[in-house]
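J.: only the shape, not the letters, is given here:
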């Protein structure tokens, strides 16, 4: 199951990158130099690539979360870092005093 989700996640990631690269540039450097009216109307129009990118990004996030949940079962409970330090300090030999 984990391998299937991993392959699906990679495929969705590649599709997401391609969709982002295929979108036309809106220009204006994040709205600088463009009036707010034009910026607002162009964003509300939304074409096919914008909507497809949103759907594929949502699928990518859901697939990533599922992959995390599935692979979480393989994790072993660990002990505290402080316990490990105390264990290691008791194993070190002491320097004899002359």
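T.: Thanks, I have the structure now. Please read all numbers here as calculations on a predicted model, not as lab measurements.

J.: the helix or strand of the chain with the lowest mean pLDDT: what's the following helix or strand?
T.: For the chain, using mean pLDDT, DSSP states H and E, the weakest element among its helices and strands is helix 36-45, scoring a mean of 48. Later in the chain than helix 36-45, the nearest helix or strand by DSSP states H and E is helix 48-71.

J.: the nearest residue to residue 64 once chain neighbours are set aside: what's it in contact with?
T.: Spatial nearest neighbour of residue 64, excluding adjacent residues (CB to CB, 6 or more residues apart in numbering): residue 9 at 6.1 Å. For every residue, glycine as well, the C-beta is placed using N, CA and C. Counting by CB atoms under 8 Å, 6 or more residues apart in numbering, residue 9 touches 60, 63-64, 67.

J.: how about 10 Å then?
T.: By CB atoms under 10 Å, 6 or more residues apart in numbering, the residues touching residue 9 are 59-60, 62-64, 66-67.

J.: mark which of these are buried, thanks.
T.: Buried by 16 or more other CB atoms under 10 Å: 60, 63, 67, out of the contacts of residue 9.

J.: want to throw the residues you listed into TSV with pLDDT?
T.: As requested, those are exported to TSV (pLDDT from 0 to 100):
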residue	pLDDT
60	97
63	95
67	91
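
J.: and which of the residues you listed is nearest to residue 48?
T.: Among the buried ones among the contacts of residue 9, residue 60 lies closest to residue 48 (CB to CB), at 18.1 Å.
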